[in-house]
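> sharing a sequence plus its predicted fold:
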Amino acid sequence: MGPKKQNKGGHNQPNPSGAKAPPGFQQQQPKQAPQQPRGPPPGLQQQPQVQPVEQPPQPAGAWGKKPPQNLQLQQTQPQQTQQQQPPQPQSKQPPQLAGAWGKQPPQQPLQQPPQQQQQTTTSTSTTTTTSSTSSSVPQDAPRISRKDLVKDEDIQDIAMIPEKPKSIQGQSISIITNFFPVQVRQNRSIFLYRIDFDPPQVARDKRYKLIREFQTSNSLISQYDGDSLLFSANKIGTNSQQVNGVQVLIKLTKEFIHNDKSNNSQLFNILTKSFMRSMGFSLMGRNYYTPVGKRDIPKHFLEVWKGFSTSVISTEAGTMLLCDSTTKVVRSQTVLERMKFLGNNVNRCASEIVNSIVLTRYNNKTYRISGISWKGPNSKVTDIMEGTTTFLQYYQKNYPKYKITDLNQPLLKSEVKMRGVKQTIYLIPELTFLTGLNDEMRKDFHIMKDLAEESNVEPFRRIETLSSFVNGFNTNPQIAQELDKWGISYQPALKVDGIVLQAPKNIAINNTASLKNVRWVFIVEQSEFERGECKKNLDYFIRESQLPNPVVHHPVLPRNFRDIRSNIYTDIMEEYAKKGATFFLIIIPQNNTEVYKGIKIKSLVQLKVLTQCIFSRTFDKGRPVAIKLKQQVVAKLGLAPWGLSQDIYKGVPKKTMVIGIDVGHNSDMRGHSVVGFVATIDDKFQKFFSRAYVQERPGKEIIGTLEDATKEAMRSYFNANNCLPELVIVYRDGVGDGMLDLVNKSEIAAMKKGFAETPSSWGVKPKLVYTIVKKNTNARFFTNDNQRANPPPGTLIDSKITHQNWYDFFLVSQVAFKGSVNPTHYHVLLDEHQMAADLFQFFTFQMCHLYFNFEKSVRVPASCQFAHKMAFLIGRTVGRNVDTALSDKLFFL
């Protein structure tokens with residue numbers, strides 16, 4: 001675990017054994033739209049470390065005198081709410097219960113939200129509606145061309161591990177990883193060639209076929225990447241050769257020794273993928289799957305396919321095959337059957353099928369559906385596909401085993417790129433199958449339970465499966481012969497030594513004095529409230545939270561569940577907000593996202609109040625839920641339910657700000673990403689400044705608003721402390737593969753510019769530590785003993801499997817209740833403070849214990865998890881930035 005060396009300076013691949021090209025190509029102008037994301041999310045993996053009380057992430061607030069042990073509430077008459085719904089039978093308004101507020105506060109007129117008058121902002125490629133409070137990317141923000149960037153593994157001018165003695169002690173632990181060494185048995189030269197075709201060959205299958213014939217005719221030991229690169233163990237003596245009427249152009253670009261870690265990873269990745277295809281696996285998204293041994297769940301019309309993710313990477317210990325097992329959910333219903341189930345309704349079909357990932361079983365490829373062609377050209381299987389051939393004739397000729405029986409079914413559209421050319425292909429619903437789960441399935445407890453049994457693989461079984469699979473490369477006769485040609489073999493899983501850091505203890509904080517004057521309202525239907533459980537659970541919550549008695553208001557709900565609208569609740573909230581209420585605890589109906597969304601938008605954008613929404617069945621679970629609810633509410637009100645001992649932050653200046661940043665791409669706003677930015681503003685890391693920013697450019701991962709966010713955070717810190725922080729530590733989540741250089745060149749510069757533009761009278765500018773956080777890694781750790789279990793929280797690995805020229809480490813900070821644990825990978829890009837590495841690693845582990853939605857440690861530092869929750873809420877529910885008056889509250893919990 002010593003210091004490392006100093007720094008010196010996904011498309012779908014077809015099975016070349018016979019997969020056919022997709023039919024119905026229609027060429028379009030290249031580079032008109034961004035690359036469509038490939039494939040659905042990876043196989044189901046639970047993250048049990050975070051167990052929020054309310055199903056969607058929520059906010060809070062409160063008020064009055066200290067409540068007595070026995071809840072005594074006075075009755076008040078609420079004002080009649082205006083409901084936008086079908087006429088209902090007139091009924092007498094039930095009396096309402098009120099808490100002891102004292103005198104009624106003066107009424108203040110509410111300002112109309114700027115979001116009510118929306119501005120339409122146009123750019124060169126997209127048009128989007130944003131609120132006037134939303135922050136956007138400056139028009140003159142500098143942009144860095146991707147052509148100027150380097151691969152992640154080649155990035156330079158980044159932090160090195162400080163050469164300082166270690167002072168943090170931990171218990172030693174031996175770990176088995178899922179990194180399998182690739183052993184090079186002999187040293188030989190490898191020649192890398194660029195391949196071109198004249199005329200150009202757009203179809204990947206045709207390129208594979210041409211190169212196979214070229215390889216055979218020249219007796220080459222070589223591997224083709226399917227695009228333009230050919231690795232060969234032989235030097236090719238010609239610059240061009242004609243194959244089946246096509247001129248194959250060959251140009252030598254590089255020669256290297258094949259145990260050269262900096263160059264051989266790409267070759268070994270191509271080899272591994274070819275082995276997967278020869279074993280019958282098909283590339284779906286980024287991973288390889290096979291229907292062999294699939295698990296059928298017929299009652300849900302689902303199949304669970306097993307597969308593997310593989311990547312060959314360069315590490316301190318050499319070239320490694322990183323391999324993990326995964327699963328993919330495939331529907332056993334065809335898309336046509338699903339469309340018929342939806343009544344062939346255009347809107348319902350579009351809502352469920354467009355943007356989904358489908359599988360075509362005749363070639364085991366996946367496609368993202370961009371639209372449904374109901375009428376016009378290319379809308380029926382009897383329409384002309386190419387020349388005089390119809391879609392029906394094409395499939396009858398090329399896939400005779402797959403029958404098309406419905407001649408009136410519409411066609412599915414999918415946009416793909418081939419060598420930079422965007423094309424539209426047409427698929428047959430009767431021959432395609434949806435993958436993944438829809439929202440209705442995710443809400444079904446029985447479906448999720450059955451799928452969890454397949455995805456939550458126990459650690460000892462996972463490492464056995466992986467070891468057997470990788471060893472199969474060496475024992476498979478065909479693959480072993482190919483490995484022998486290249487002089488390589490795969491070794492057993494790598495074992496590494498690490499330490500287990502000591503976990504800090506949570507120290508409970510008494511917030512009674514701060515909560516006694518909080519004014520709050522409990523909104524619940526009268527019949528629900530009069531049940532004994534509801535009153536008792538409210539009493540539990542009041543005693544646990546030390547909040548005063550609330551006003552209890554009973555809304556009049558329509559008899560028909562489908563007629564319940566959010567304005568029923570928001571009108572009540574507006575009435576009490578005028579009287580000084582700052583927090584609302586609301587029992588909401590299940591399976592009604594419109595109500596939840598309306599409450600959140602109204603409260604966070606217009607009323608500037610906090611809300612906690614919860615289902616009745618959740619609230620009825622008694623004291624355990626009351627305790628968790630108390631933690632959420634206290635945190636939402638800007639207070640800390642617990643803290644850590646101040647003397648444990650060794651090596652960290654007292655005036656330190658910790659910033660968590662995440663970019664969420666789960667937005668429902670036409671693909672626009674949302675930046676969550678959360679910064680601590682006190683020396684105990686318990687008070688926060690938070691802001692969300694909607695990115696103008698869809699799908700953008702790099703943050704264009706970081707300079708403004710930094711200046712706002714510095715202002716908030718100065719207002720709270722009358723000085724600037726001495727050190728700013730950034731944990732940046734949400735960075736995709738290949739983006740490190742762009743982050744290093746643009747985001748760090750933006751933050752430094754934000755520091756520089758703070759007034760000089762505020763004090764000395766802070767130093768910066770900028771760290772990339774990757775929690776969705778394929779790395780797995782297992783204890784090196786007979787149990788092969790998950791390692792305990794605090795397990796730290798900073799050698800062998802880390803990058804040779806990086807300041808990086810792996811940390812297991814969370815408790816894994818089920819399945820196999822994923823470590824989080826941290827990579828320090830900039831370190832101006834030069835804190836000892838073990839102190840920074842220990843501090844990072846401590847920060848994982850301050851996420852107030854869960855009393856144990858989580859996968860990433862608290863600020864980073866807070867940023868993730870905020871980006872999710874804004875992107876999925878609110879759709880715009882919240883009022884800045886709530887920036888000191890954790891409204892998104």
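Thanks, I have it.

> strands of the stretch 301-450 of the chain, residue ranges please.
Assigned by DSSP state E, counting those that start in this stretch, the strands in the stretch 301-450 of the chain fall at 302-315, 318-334, 357-360, 365-373, 384-386, 389-390, 411-418, 421-427, 432-435.

> what would these look like in JSON lines with mean neighbour count, distance to Lys889 and mean pLDDT?
To be clear about C-beta, it is placed using only N, CA and C from the backbone, and glycine gets the same treatment. Written out in JSON lines, the entries for the strands of the stretch 301-450 of the chain read as follows (neighbours: other C-beta atoms under 10 Å; distance: least, C-beta to C-beta, whole Å; pLDDT from 0 to 100):
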{"stretch": "strand 302-315", "mean neighbour count": "20", "distance to Lys889": "39", "mean pLDDT": "91"}
{"stretch": "strand 318-334", "mean neighbour count": "21", "distance to Lys889": "38", "mean pLDDT": "91"}
{"stretch": "strand 357-360", "mean neighbour count": "23", "distance to Lys889": "38", "mean pLDDT": "90"}
{"stretch": "strand 365-373", "mean neighbour count": "19", "distance to Lys889": "38", "mean pLDDT": "91"}
{"stretch": "strand 384-386", "mean neighbour count": "15", "distance to Lys889": "58", "mean pLDDT": "86"}
{"stretch": "strand 389-390", "mean neighbour count": "14", "distance to Lys889": "61", "mean pLDDT": "90"}
{"stretch": "strand 411-418", "mean neighbour count": "21", "distance to Lys889": "42", "mean pLDDT": "86"}
{"stretch": "strand 421-427", "mean neighbour count": "19", "distance to Lys889": "45", "mean pLDDT": "87"}
{"stretch": "strand 432-435", "mean neighbour count": "23", "distance to Lys889": "39", "mean pLDDT": "92"}
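
> among those, which is nearest Ser857?
Across the strands of the stretch 301-450 of the chain, Ser857 has its closest neighbour in strand 318-334 (23.0 Å, C-beta to C-beta).

> just give the nearest non-adjacent residue to Glu712, would you?
In space, not counting the residues next to it along the chain, Glu712 is nearest to Arg691; the distance is 6.2 Å by C-beta to C-beta, 6 or more residues apart in numbering.

> which SS class is the one you found?
Each residue gets one of three states, and Arg691 gets strand by DSSP: H, G, I helix; E, B strand; the rest coil.

> my guess is it contacts Phe677. True?
Yes: using C-beta atoms under 8 Å as the test, Arg691 is close enough to Phe677 to be in contact (5.0 Å).

> which one of these two has more residues nearby?
Of the pair Arg691 and Phe677, Phe677 is the one with more neighbours under other C-beta atoms under 10 Å, namely 30 against 23.

> quick one: contacts for that one?
Contact criterion C-beta atoms under 8 Å, 6 or more residues apart in numbering gives Ile659, Gly660, Ile661, Ser690, Arg691, Ala692, Tyr693, Leu706, Ala709, Ala713, Ala867 as the residues in contact with Phe677.

> swap in Leu271?
Neighbouring residues of Leu271 by C-beta under 8 Å, 6+ apart: Gln223, Glu482, Trp486, Ile488.

> about what we covered before: and of the contacts of Phe677, the nearest to Gly734?
When these are compared for distance to Gly734 (C-beta to C-beta), Ile661 wins out at 7.4 Å.

> name the element the closest one belongs to?
Ile661 is part of strand 656-664, with elements assigned from DSSP states H and E.

> and the contacts of Leu271 as JSON lines, adding neighbour count and pLDDT?
As requested, these are exported to JSON lines (neighbours: other C-beta atoms under 10 Å; pLDDT from 0 to 100):
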{"residue": "Gln223", "neighbour count": "23", "pLDDT": "89"}
{"residue": "Glu482", "neighbour count": "18", "pLDDT": "89"}
{"residue": "Trp486", "neighbour count": "22", "pLDDT": "87"}
{"residue": "Ile488", "neighbour count": "21", "pLDDT": "88"}
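
> any chance of those residues in a markdown table with distance to Pro823 as columns?
As requested, these are arranged in a markdown table below (distance: C-beta to C-beta, whole Å):
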| residue | distance to Pro823 |
| --- | --- |
| Gln223 | 31 |
| Glu482 | 32 |
| Trp486 | 31 |
| Ile488 | 27 |
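
> same list (those residues) but as a markdown table, adding secondary structure.
Formatted as a markdown table, these follow (three-state DSSP):
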| residue | secondary structure |
| --- | --- |
| Gln223 | strand |
| Glu482 | helix |
| Trp486 | helix |
| Ile488 | strand |
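
> just to revisit the earlier point, can you lay out the strands of the stretch 301-450 of the chain as TSV showing distance to Phe584?
TSV is the format used below for those (distance: least, C-beta to C-beta, whole Å):
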stretch	distance to Phe584
strand 302-315	39
strand 318-334	38
strand 357-360	39
strand 365-373	40
strand 384-386	58
strand 389-390	61
strand 411-418	45
strand 421-427	48
strand 432-435	39
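
> out of those strands, flag the one nearest Arg732.
Closest to Arg732 of the strands of the stretch 301-450 of the chain is strand 302-315 (C-beta to C-beta; 20.9 Å).

> kindly format the C-alpha coordinates of that closest one as PDB.
Output in PDB follows, covering the C-alpha atoms of strand 302-315 (Å, rounded to 0.1, in the frame of the first residue of the first chain):
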ATOM      1  CA  LEU A 302     -40.900 -12.300 -17.600                       C
ATOM      2  CA  GLU A 303     -37.600 -14.000 -18.200                       C
ATOM      3  CA  VAL A 304     -34.300 -13.300 -16.400                       C
ATOM      4  CA  TRP A 305     -31.300 -13.800 -18.700                       C
ATOM      5  CA  LYS A 306     -27.900 -14.300 -17.100                       C
ATOM      6  CA  GLY A 307     -24.800 -12.600 -18.400                       C
ATOM      7  CA  PHE A 308     -21.400 -11.100 -17.700                       C
ATOM      8  CA  SER A 309     -19.800  -7.700 -17.900                       C
ATOM      9  CA  THR A 310     -16.100  -7.800 -18.900                       C
ATOM     10  CA  SER A 311     -13.400  -5.200 -19.400                       C
ATOM     11  CA  VAL A 312      -9.700  -5.500 -19.600                       C
ATOM     12  CA  ILE A 313      -7.900  -2.700 -17.800                       C
ATOM     13  CA  SER A 314      -4.400  -1.700 -16.800                       C
ATOM     14  CA  THR A 315      -3.700  -1.600 -13.000                       C
END
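
> neighbouring strands - and their directions - for it?
In the sheet containing strand 302-315, its partner strands are strand 287-297 (antiparallel), strand 318-334 (antiparallel), by DSSP bridges.

> run the chain-centre distance for the last one.
The reference is to strand 318-334. In terms of C-alpha atoms, centre = their mean, to the nearest Å, the centre of strand 318-334 is set 17 Å apart from its chain centre.

> find the least confident helix or strand in this structure, judged by mean pLDDT.
strand 127-130 (a mean of 34; mean pLDDT, DSSP states H and E).

> ok, back up a step: relative to Arg461, which of the strands of the stretch 301-450 of the chain is closest?
Within the strands of the stretch 301-450 of the chain, the stretch nearest Arg461 is strand 318-334; the backing value is 9.1 Å (C-beta to C-beta).

> by how many degrees do the closest one and strand 365-373 diverge?
In terms of direction (axes from the mean of the first three to the mean of the last three C-alpha atoms, to 10 degrees), strand 318-334 departs from strand 365-373 by 40 degrees.

> I'd assumed Leu501 was in contact with Ser172.
No: Ser172 sits out of contact with Leu501 when judged by C-beta under 8 Å, with a separation of 11.8 Å.

> who has more neighbours, those two?
Each of Ser172 and Leu501 has its neighbours counted (other C-beta under 10 Å); Leu501 has more, 24 against 8.

> give the contact list for the more buried one.
The contact partners of Leu501, by C-beta under 8 Å, 6+ apart, come to Ile168, Gly170, Gly794, Thr795, Leu796, Gln841, Phe842, Phe845.
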